[in-house]
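Enquirer: Need the 3D shape of this:
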Amino acid sequence: MRLAAYQPDIAQNLGAMIRIAACFGLPLDVIGPCGFPFSLRALRRTAMDYARIADVTDHDDWAAFRSAQETRRLVLLSTRGAVPLWDFAFRPGDTLLVGRESAGVPAEVHAAADAAVAIPMPGGGRSLNVAVSCGIAAAEALRQLRG
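Expert: Residues are numbered from 1 along each chain as shown. Okay, the predicted model is just below:
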(Lines give C-alpha, C1' and ligand atoms only; values in the text may rest on other atoms or scores of the structure.)
Protein backbone atom coordinates (compact mmCIF):
# COMPACT_ATOMS: atom_id res chain seq x y z
CA MET A 1 0.00 0.00 0.00
CA ARG A 2 1.13 3.54 -0.81
CA LEU A 3 -0.01 7.11 -0.16
CA ALA A 4 0.02 9.83 -2.81
CA ALA A 5 -0.46 13.60 -2.65
CA TYR A 6 -1.57 15.37 -5.85
CA GLN A 7 -0.02 18.83 -6.21
CA PRO A 8 -0.14 19.76 -2.51
CA ASP A 9 -0.62 23.48 -1.80
CA ILE A 10 0.26 23.63 1.90
CA ALA A 11 3.68 22.55 3.14
CA GLN A 12 2.42 21.81 6.66
CA ASN A 13 -0.13 19.31 5.35
CA LEU A 14 2.50 17.53 3.27
CA GLY A 15 4.74 17.50 6.35
CA ALA A 16 1.93 15.81 8.29
CA MET A 17 1.49 13.27 5.48
CA ILE A 18 5.21 12.50 5.58
CA ARG A 19 4.87 11.84 9.29
CA ILE A 20 1.82 9.59 8.70
CA ALA A 21 3.72 7.69 5.99
CA ALA A 22 6.74 7.20 8.24
CA CYS A 23 4.70 6.10 11.27
CA PHE A 24 2.59 3.63 9.29
CA GLY A 25 5.58 2.41 7.24
CA LEU A 26 3.94 3.40 3.94
CA PRO A 27 5.72 4.94 0.93
CA LEU A 28 4.49 8.40 -0.12
CA ASP A 29 4.38 9.74 -3.67
CA VAL A 30 4.37 13.53 -4.09
CA ILE A 31 2.93 14.52 -7.46
CA GLY A 32 4.10 17.96 -8.57
CA PRO A 33 4.10 20.71 -9.08
CA CYS A 34 3.64 21.71 -5.45
CA GLY A 35 2.26 25.08 -4.39
CA PHE A 36 5.51 25.73 -2.48
CA PRO A 37 9.19 24.94 -3.01
CA PHE A 38 9.39 21.18 -2.42
CA SER A 39 12.34 19.52 -0.75
CA LEU A 40 12.57 17.22 2.23
CA ARG A 41 15.03 19.69 3.73
CA ALA A 42 12.49 22.52 3.42
CA LEU A 43 9.84 20.32 5.05
CA ARG A 44 12.04 19.41 7.99
CA ARG A 45 10.15 21.73 10.36
CA THR A 46 6.69 20.36 9.56
CA ALA A 47 7.75 16.75 9.04
CA MET A 48 10.19 16.96 11.97
CA ASP A 49 12.68 14.10 11.92
CA TYR A 50 10.19 11.85 10.13
CA ALA A 51 11.35 13.13 6.72
CA ARG A 52 14.59 11.27 7.38
CA ILE A 53 12.87 7.90 7.80
CA ALA A 54 9.98 8.30 5.35
CA ASP A 55 10.07 6.70 1.91
CA VAL A 56 9.12 9.69 -0.27
CA THR A 57 9.20 9.73 -4.06
CA ASP A 58 8.85 13.05 -5.90
CA HIS A 59 7.18 13.00 -9.35
CA ASP A 60 7.40 16.04 -11.61
CA ASP A 61 3.79 15.72 -12.73
CA TRP A 62 0.77 13.43 -13.14
CA ALA A 63 2.21 11.72 -16.25
CA ALA A 64 5.46 10.87 -14.44
CA PHE A 65 3.51 9.47 -11.48
CA ARG A 66 1.28 7.34 -13.73
CA SER A 67 4.23 5.89 -15.63
CA ALA A 68 5.93 4.94 -12.36
CA GLN A 69 2.79 3.58 -10.72
CA GLU A 70 3.01 0.08 -12.18
CA THR A 71 -0.33 -1.70 -12.00
CA ARG A 72 -1.48 -0.53 -8.59
CA ARG A 73 -5.14 0.24 -7.99
CA LEU A 74 -5.63 3.97 -7.49
CA VAL A 75 -8.09 4.85 -4.71
CA LEU A 76 -9.02 8.54 -4.62
CA LEU A 77 -10.23 10.12 -1.38
CA SER A 78 -12.86 12.64 -2.43
CA THR A 79 -15.86 14.45 -1.02
CA ARG A 80 -17.49 13.30 -4.29
CA GLY A 81 -16.55 9.67 -3.67
CA ALA A 82 -19.21 7.12 -4.61
CA VAL A 83 -18.41 4.67 -1.80
CA PRO A 84 -18.21 5.42 1.94
CA LEU A 85 -14.74 4.64 3.31
CA TRP A 86 -16.14 2.11 5.79
CA ASP A 87 -17.77 0.09 2.97
CA PHE A 88 -14.73 0.00 0.69
CA ALA A 89 -12.63 -3.19 0.49
CA PHE A 90 -8.95 -2.27 0.34
CA ARG A 91 -6.31 -4.47 -1.28
CA PRO A 92 -2.62 -4.73 -0.33
CA GLY A 93 -1.34 -2.99 -3.50
CA ASP A 94 -3.64 0.04 -3.34
CA THR A 95 -2.40 3.61 -3.67
CA LEU A 96 -4.45 6.09 -1.61
CA LEU A 97 -4.53 9.45 -3.40
CA VAL A 98 -5.51 12.82 -1.91
CA GLY A 99 -5.96 16.00 -3.93
CA ARG A 100 -4.98 19.61 -3.50
CA GLU A 101 -6.26 21.39 -0.43
CA SER A 102 -7.63 24.23 -2.56
CA ALA A 103 -9.16 22.32 -5.48
CA GLY A 104 -9.05 18.53 -5.06
CA VAL A 105 -8.08 16.84 -8.32
CA PRO A 106 -9.01 17.71 -11.91
CA ALA A 107 -11.58 15.65 -13.81
CA GLU A 108 -8.90 13.66 -15.68
CA VAL A 109 -7.34 12.49 -12.39
CA HIS A 110 -10.75 11.69 -10.91
CA ALA A 111 -11.57 9.65 -14.03
CA ALA A 112 -8.24 7.79 -13.84
CA ALA A 113 -8.97 6.54 -10.31
CA ASP A 114 -10.12 2.94 -10.01
CA ALA A 115 -12.32 3.94 -7.07
CA ALA A 116 -13.37 7.13 -5.32
CA VAL A 117 -14.21 6.90 -1.63
CA ALA A 118 -15.58 9.47 0.78
CA ILE A 119 -15.13 9.70 4.53
CA PRO A 120 -18.62 9.91 6.05
CA MET A 121 -19.12 13.07 8.09
CA PRO A 122 -22.33 12.67 10.09
CA GLY A 123 -21.62 15.94 11.88
CA GLY A 124 -22.40 17.84 8.69
CA GLY A 125 -18.96 19.19 7.85
CA ARG A 126 -18.03 19.85 4.22
CA SER A 127 -14.58 18.28 4.27
CA LEU A 128 -11.58 17.33 6.38
CA ASN A 129 -7.97 18.47 6.09
CA VAL A 130 -6.17 16.31 3.47
CA ALA A 131 -3.57 15.07 5.95
CA VAL A 132 -6.28 14.12 8.46
CA SER A 133 -8.20 12.34 5.67
CA CYS A 134 -5.04 10.54 4.60
CA GLY A 135 -4.42 9.31 8.16
CA ILE A 136 -8.02 8.15 8.61
CA ALA A 137 -8.04 6.27 5.30
CA ALA A 138 -4.61 4.74 5.83
CA ALA A 139 -5.62 3.52 9.30
CA GLU A 140 -8.84 1.98 7.92
CA ALA A 141 -7.01 0.31 5.04
CA LEU A 142 -4.35 -1.11 7.35
CA ARG A 143 -7.03 -2.27 9.80
CA GLN A 144 -8.75 -4.18 7.01
CA LEU A 145 -5.50 -5.71 5.76
CA ARG A 146 -3.92 -6.56 9.11
CA GLY A 147 -4.70 -10.27 8.81
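
Enquirer: for this structure, what spans make up the helices?
Expert: Remark: helices assigned in the chain by DSSP state H are 11-24, 44-47, 50-53, 62-68, 107-112, 130-145.

Enquirer: From the contact counts, what lies against the third one?
Expert: Using 3 or more CB pairs under 8 Å, 6 or more residues apart in numbering; DSSP states H and E, the elements in contact with helix 50-53 are helix 11-24. All C-beta spots, glycine's among them, are computed from the backbone N, C-alpha and C.

Enquirer: how many degrees apart are the helix it packs on and helix 130-145 in direction?
Expert: Here helix 11-24 runs at an angle of 20 degrees relative to helix 130-145 (axes from the mean of the first three to the mean of the last three CA atoms, to 10 degrees).

Enquirer: buried set for helix 11-24?
Expert: 11-22, 24 (16 or more other CB atoms under 10 Å).

Enquirer: Throw the residues you listed into a markdown table and include distance to residue 83 and pLDDT, thanks.
Expert: Shown next, in a markdown table, are those (distance: CB to CB, whole Å; pLDDT from 0 to 100):
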| residue | distance to residue 83 | pLDDT |
| --- | --- | --- |
| 11 | 31 | 88 |
| 12 | 29 | 88 |
| 13 | 24 | 92 |
| 14 | 26 | 92 |
| 15 | 29 | 89 |
| 16 | 25 | 91 |
| 17 | 22 | 94 |
| 18 | 27 | 93 |
| 19 | 27 | 92 |
| 20 | 22 | 95 |
| 21 | 23 | 95 |
| 22 | 28 | 94 |
| 24 | 22 | 96 |
